[in-house]
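> Sequence plus predicted model, see below.
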Amino acid sequence: MRCLLDSGCERLVISADLVPHAKLAPSQYSLYAANKASLDVVGDSVISFVIDGQLFEVDVSVLAKVDKFLLGSEWLGKQGAKWDFADGTVTSGNHCIKMHHRHRAGICRHIVVAHDCMIPTRHEANVIIRMEDDGIPLPLSDWAVEPQGLGPGVMATCTLFSDSQSQLVALVLNNSLKPKSLRANSLLGMAEPVQCLSSSGSAELSELLFAYSGDSSDFALHDESVMPASSSLRSRMAQT
């Protein structure tokens, strides 16, 4: 198991998937990511783990929507640890732990629906989304979300956006015969960091890659953001 060390994170947190049999107690903590988004805390637990032969027992908060084990300033302080950035080591007592750099290629983040919304049958909609920050600082980046099926005849199309955008939306197409409801905080897909290259583009590409940057905090699914699905998108979905 890989542990991430972040001195800017106060609380120790771990993914619920990594401790499926842990005994959970109601959490005493309300946790927030760096962007002030609330984190879904399943409960608190006491776990044991070994690093380079040294046994540790810690109290952690178990989170539903992270995929890692994160050691923060709380753990560093209790261990009296000294972090040598130049050597890439952490010294705890008589133990020297060698650190490993995190590779950017493995980074991904959850994209969730920001507000409850409903997409009528045979319509497409600009759905407000939110990228969940796991609290681990990263350089500003562009992000890509692959197409994601959300049920029979319903698909979130490819989406590109940047950390610099103040508001994010994804184009969702409902080609089914029933209205589609999307609940707040429901998973829409996974975003991965990419580098966008300038190009001449094409009409077909702009139809699939959709990003919106707005300053309004009151952007909702009104008439201007819900419209009948274009015939080209409907036919493309029918072929997939």
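It's in.
> Helices of the protein, start to end?
73-78, 203-208, 231-239 (DSSP state H).
> among those, where is the model least confident on average?
Mean pLDDT values for the helices of the chain show the minimum at helix 203-208, a mean of 36.
> what bridges to the closest residue to Val127 other than its chain neighbours?
Closest residue to Val127 apart from its sequence neighbours, by Cβ to Cβ, 6 or more residues apart in numbering: Val172 at 4.9 Å. In short, each C-beta sits where N, CA and C put it, glycine included. On the basis of DSSP bridges, Val172 is bridged to Ala125, Ala156.
> Val172 contacts Ser186, doesn't it?
No - applying Cβ atoms under 8 Å, one finds Val172 not in contact with Ser186, separated by 11.5 Å.
> of those two, who's got more company?
Val172 (26 against 11; other Cβ atoms under 10 Å).
> quick one: that one from His115, how far?
Val172 is 13 Å from His115, where distance means Cβ to Cβ, to the nearest Å.
> In terms of pLDDT, where does the residue of the chain positioned farthest from its centre sit?
What lies farthest from the middle of the chain is Asn94; by Cα atoms, centre = their mean that is 37.2 Å. At Asn94, the pLDDT value in this model is 82.
> what's the domain layout of the chain?
Using automatic domain parsing, the domains assigned to the chain come out as 3-102, 106-239.
> mean pLDDT lowest for which of the ones you listed?
Ranked by mean pLDDT, the domains of the chain bottom out at domain 106-239, with a mean of 71.
> need the contact list for Ile129.
Going by Cβ atoms under 8 Å, 6 or more residues apart in numbering, Ile129 touches Ile111, Val112, Val113, Ala114, Thr159, Leu168, Val169, Ala170, Leu188.
> Neighbours of the first one, how many?
Same thing as Ile111. Neighbours of Ile111 under the rule other Cβ under 10 Å: 23.
> What separation is there between it and Arg130?
7 Å.
> swap in the fifth one?
Computed with Cβ to Cβ, the distance linking Thr159 and Arg130 is 13 Å.
> Equivalent analysis for Lys98, please.
According to Cβ to Cβ, Lys98 and Arg130 sit 36 Å apart.
> now Val13
Counting by Cβ to Cβ - Val13 and Arg130 are separated by 19 Å.
> The two: which is more packed in?
Neighbours per residue (other Cβ under 10 Å) separate Val13 from Arg130, with Val13 holding more: 24 against 18.
> you'd agree the more buried one is up against Glu74?
No - assessed by Cβ under 8 Å, Val13 is found out of contact with Glu74, at 10.2 Å.
> between these two, what contacts are shared?
Counting by Cβ under 8 Å, 6+ apart, Val13 and Glu74 have no common neighbour.
> What residues sit buried inside stretch 113-121?
Applying a neighbour-count criterion of 16 or more other Cβ atoms under 10 Å, the buried positions in stretch 113-121 are Val113, Ala114, Cys117, Ile119, Pro120.
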